[in-house]
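# Test case, fold it:
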Amino acid sequence: MTQVKKFWPILTGTHRYEKTLSTRNHGSGVIIDAPILAYLIETSNGRILYDVGCDYTKIADPVLRKQFYEHEGFPFGPPQMTEEQRLPNRLAELGLQKEDIDVVFCGHLHFDHAGGVCEFCGAEVHVHEKELEAAREPADEAYFKEDFDCPVNWRVYKGEYDLVPGVRAIETPGHTAGHMSMMIELPKGSPILLAGDAADLRENLEREIAPGLCYRDDETQALESIRKLKRLALETGADLWPNHDMAFFESKNRFPKFFE
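Presented below is the predicted three-dimensional model:
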């Protein structure tokens, strides 16, 4: 029986970029606004965050912004993030403090998913072993090693597992080496299957298009993961959520209200 009580998708910022970053080899010249999301899951055994968004300091501070975002490695510049959108401030709108978070589950460790992890040093931080290795390499420019310059309470896992009954980590490598999606069984209605960056947009799922950035520039695993998520959604009746699709997010956004 699921231990999930409530679920919130939370907007922590946006990023404007060419669509090819989300749909590999599709959308050249098309600029999109992508939501940067975190997801809060309240269970009877504690609170879990899936992803924590960007490090606000690297966006707000001109020197750091230039260092991390304003160079040829980031042709579309930094994400947009307001003080209000900082995750601790969004949690405060729910009457929560960052110390109320028990587990941070990083779907992967790119800057827009794990950049804010140092805000939650008191929580366990779950990550796939291959993902942590890729971040430490680093395997691509979207990993900022400085995002982890704090005493992160890592919990490193291999394979798939249940965080608590009703919350399951699903292996979906391809965008990155150790990318993980998440199945959430709500007390009412259909489960929600968070694709994470295995599928940025609905188009990735509907047309089976790999994300723009693939580990080692090989889309094979990414396409296998998209098909795996679609199979799993079909088998379980889950609602499959892409991660950077603004229209999809707006259709689901009810913050500070929640799903149950």
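
# what's the lengthiest helix in the chain in contact with?
If you go by DSSP state H, the chain has its longest helix at helix 220-236. Residues external to helix 220-236 that are found in contact with it (CB atoms under 8 Å, 6 or more residues apart in numbering): 24, 170-175, 179, 181, 183, 191, 193, 195, 198-199, 204-205, 208, 210-211, 214-215, 238-240. Quick note: C-beta positions are derived from backbone N, CA and C, even for glycine.

# What separation is there between the residue lying closest to Leu94 once chain neighbours are set aside and Phe248?
With CB to CB, 6 or more residues apart in numbering as the criterion, Leu94 has its nearest non-adjacent residue at 5.7 Å, and that residue is Pro256. Distance, Pro256 to Phe248, by CB to CB, to the nearest Å: 20 Å.

# which one of these two has more residues nearby?
Taking neighbours as other CB atoms under 10 Å, Pro256 and Phe248 compare with Phe248 leading, 17 against 10.

# thinking again about what came up before, how about the longest helix of the chain: buried residues?
Gln221, Ala222, Leu223, Ser225, Ile226, Lys228, Leu229, Lys230, Leu232, Ala233 (16 or more other CB atoms under 10 Å).

# Dump those into TSV; add pLDDT and distance to Asp149 as well.
Output for these, formatted as TSV (pLDDT from 0 to 100; distance: CB to CB, whole Å):
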residue	pLDDT	distance to Asp149
Gln221	98	30
Ala222	98	30
Leu223	98	35
Ser225	98	30
Ile226	98	34
Lys228	98	34
Leu229	98	33
Lys230	98	38
Leu232	98	36
Ala233	98	38
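
# now those in JSON lines, with distance to Ser44?
Listed next are these as JSON lines, based on distance: CB to CB, whole Å:
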{"residue": "Gln221", "distance to Ser44": "35"}
{"residue": "Ala222", "distance to Ser44": "35"}
{"residue": "Leu223", "distance to Ser44": "37"}
{"residue": "Ser225", "distance to Ser44": "30"}
{"residue": "Ile226", "distance to Ser44": "32"}
{"residue": "Lys228", "distance to Ser44": "29"}
{"residue": "Leu229", "distance to Ser44": "27"}
{"residue": "Lys230", "distance to Ser44": "30"}
{"residue": "Leu232", "distance to Ser44": "24"}
{"residue": "Ala233", "distance to Ser44": "25"}
